[in-house]
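K.L.:
A structural model of the following input is requested.
(chains A, B, C and D)
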There are 2 protein chains.
Amino acid sequence: MDNLKKALTLRQEEVYEYIRTRTQETRLPPTVREIGERFHISSTNGVRSILAALIKKGYIKRSPRLSRGIEILDNEPAAPTVENASNMVEIPIIGRVAAGAPILAVQNLEGTVTVDRDFLASQPNVFALRVKGDSMINAGIFDGDLVFAREQKVADRGEMIIAQVDDEATVKYYQPQPEWIELRPANPKYSPIIVKPESHFSIAGRVIGVMRKIN
Amino acid sequence: MDNLKKALTLRQEEVYEYIRTRTQETRLPPTVREIGERFHISSTNGVRSILAALIKKGYIKRSPRLSRGIEILDNEPAAPTVENASNMVEIPIIGRVAAGAPILAVQNLEGTVTVDRDFLASQPNVFALRVKGDSMINAGIFDGDLVFAREQKVADRGEMIIAQVDDEATVKYYQPQPEWIELRPANPKYSPIIVKPESHFSIAGRVIGVMRKIN
DNA sequence: TTGACAAATGACCAGTTGTGCAGTATATTT
DNA sequence: AAATATACTGCACAACTGGTCATTTGTCAA
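P.N.:
Numbering: from 1, shown residues only, chains lettered A, B, ... in the order given. This next block holds a predicted model:
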């Protein structure tokens, strides 16, 4: 599925080509505004929409908030050592969640991580989310960690889930009550989130792993 | 080979080496502040004075006002840049540590994990260790977690390291004292380990990441 | 006709980043 | 003794940079 790269629009092709050559020639990936300048796009958001499409289609990867954090994903798989790759799974990383949209609705993909199939027990439909805040600190999940979840719409009481409330995706313990749903943090500093029936709530998945980079 | 180059001070050498490896590994030259962070230089001007010296001696080049505009002036034309086709790195997992043997000795290896190069910032000489016990629980490291470390024999005070004491490898904070070495856990239930000079002690590496499988 | 999508605008915010200025302390060189 | 180089601290500032919000325009398919 990943060898068949999705087709690019003309504009996306241009921008991709520019990033590629610029990176190769000057050793530095361009900034968002530099791309905009090159193509006479006056708004950073014009560029962003194109970059988002390129991420979605697997051509580039971005490190959020990092200046010049665009990386060309050169996957010419170079033929040999093929079978090795089959043991790996490519997992989409969810960035910020757009209101209303289903969590995997690609609009906010930040990129992908490739992980060992063993790590995820080869489960299907896995995605990753970058954690914001320290509300799950007692569960060993820190700010900036990458949590992995298996996509599922239901969960058992007490399981750690990724929940989508309005336009936010959070990691919490699932504690359904008769009249409402309680999302319990693992940090005494925070109170449980009470989700009333009128909110937009859904379970996005159950947490199955964590990854943290230190320093 | 490059005898024409003027000699560098120790500090300049360190910084130069850092810029070189960082640029190669992450594809992005560091910012001034990132360099300062790495070497605990609190003022950007401390870094600037070193960079100025490196420019003067012909080791680097800077593009004024350009973010990340540091360029290594290498006499080597940068090879054919064949590069790794795959973006993955295979990391050895250390099992039980035989007394006296270096930690990466073959008899200690338990297996390998393959991880995304980005996760480890493609650092060289990385290994992994399965954590036993809950002594680092407040650092978000639980029993059974896999911790990743970069092999190095020295560390700064307070860094999280993998230490080898007699025939055990443990993850702890490094707190050297004048007369002994203190290995501090991140769990109030445990006391620091005091390593007396007569013990077989060595630093195996600095912890750079954690991975946990849940359920 | 409606709806999804790509592409773009313009204003704005927050955090990053390079630079400038004023100093300090310690070596080494002249 | 004086001059210079090195290696910093601390603070402030302007420019840069990425991200967000609200809207708009055109295309293409159902």
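K.L.:
quick check: next helix or strand after the helix or strand of chain A with the lowest mean pLDDT?
P.N.:
In chain A, the helix or strand scored least confidently by mean pLDDT, DSSP states H and E is helix A:82-85, which has a mean of 39. Sequence order places strand A:88-94 as the next helix or strand after helix A:82-85, per DSSP states H and E.
K.L.:
check whether that following strand contacts DNA strand D.
P.N.:
No - judged by Cβ under 7 Å from any atom of the strand, strand A:88-94 stays clear of DNA strand D, getting no closer than 11.9 Å. Heads up, the C-betas are built off the backbone N, CA and C, glycines and all.
K.L.:
what helix or strand is the residue sitting furthest away from the middle of chain A on?
P.N.:
Distance from the centre of chain A peaks at residue A:178, with 32.6 Å (Cα atoms, centre = their mean). Following DSSP H and E, there is no helix or strand that holds residue A:178.
K.L.:
which residues touch it?
P.N.:
Contact analysis of residue A:178 by Cβ atoms under 8 Å, 6 or more residues apart in numbering or on different chains lists nothing.
K.L.:
now the longest strand seen in chain A: mean pLDDT?
P.N.:
Assignment by DSSP state E gives strand A:201-213 as the longest strand of chain A. Across strand A:201-213, pLDDT averages out at 88.
K.L.:
now do stretch A:111-127
P.N.:
Stretch A:111-127 shows a mean pLDDT of 77.
K.L.:
which parts of it are buried?
P.N.:
Neighbour counts using 16 or more other Cβ atoms under 10 Å in any protein chain shown place A:111, A:112, A:113, A:114, A:115, A:116, A:119, A:120, A:126, A:127 of stretch A:111-127 among the buried residues.
K.L.:
quick one: the strands in chain A, in order.
P.N.:
For chain A, the strands defined by DSSP E cover A:60-62, A:70-72, A:88-94, A:109-116, A:126-130, A:146-151, A:160-165, A:168-176, A:181-184, A:193-195, A:201-213.
K.L.:
of the buried residues of stretch A:111-127, which is the nearest to DNA strand D?
P.N.:
Closest to DNA strand D out of the buried residues of stretch A:111-127 is residue A:111 (10.6 Å), distances taken as Cβ to the nearest atom of the strand.
K.L.:
circling back: what is the longest strand of chain A packed up against?
P.N.:
strand A:126-130, strand A:146-151, strand A:160-165, strand A:168-176, strand B:201-213 (3 or more Cβ pairs under 8 Å, 6 or more residues apart in numbering or on different chains; DSSP states H and E).
K.L.:
redo that, cut-off 7 Å
P.N.:
Under the contact definition 3 or more Cβ pairs under 7 Å, 6 or more residues apart in numbering or on different chains; DSSP states H and E, strand A:201-213 sits against strand A:146-151, strand A:160-165, strand B:201-213.
K.L.:
check what contacts that strand and list those residues.
P.N.:
Contact with strand A:201-213 is made by A:103, A:119-120, A:123, A:127, A:140-142, A:145-155, A:159-165, A:169, A:171, A:181, A:195, B:119, B:140, B:208-215, as judged by Cβ atoms under 7 Å, 6 or more residues apart in numbering or on different chains.
K.L.:
off-centre distance for that strand?
P.N.:
With Cα atoms, centre = their mean, to the nearest Å as the basis, strand A:201-213 stands 11 Å off its chain's centre.
K.L.:
same thing with stretch A:160-170?
P.N.:
13 Å.
K.L.:
list the buried residues of it.
P.N.:
Buried, per 16+ other Cβ under 10 Å, within stretch A:160-170: A:160, A:161, A:162, A:163, A:164, A:165, A:169, A:170.
K.L.:
how about the residues you listed in JSON lines, adding distance to DNA strand D and pLDDT?
P.N.:
Formatted as JSON lines, the buried residues of stretch A:160-170 follow (distance: Cβ to the nearest atom of the strand, whole Å; pLDDT from 0 to 100):
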{"residue": "A:160", "distance to DNA strand D": "24", "pLDDT": "94"}
{"residue": "A:161", "distance to DNA strand D": "22", "pLDDT": "92"}
{"residue": "A:162", "distance to DNA strand D": "17", "pLDDT": "89"}
{"residue": "A:163", "distance to DNA strand D": "19", "pLDDT": "87"}
{"residue": "A:164", "distance to DNA strand D": "15", "pLDDT": "81"}
{"residue": "A:165", "distance to DNA strand D": "15", "pLDDT": "78"}
{"residue": "A:169", "distance to DNA strand D": "12", "pLDDT": "81"}
{"residue": "A:170", "distance to DNA strand D": "15", "pLDDT": "85"}
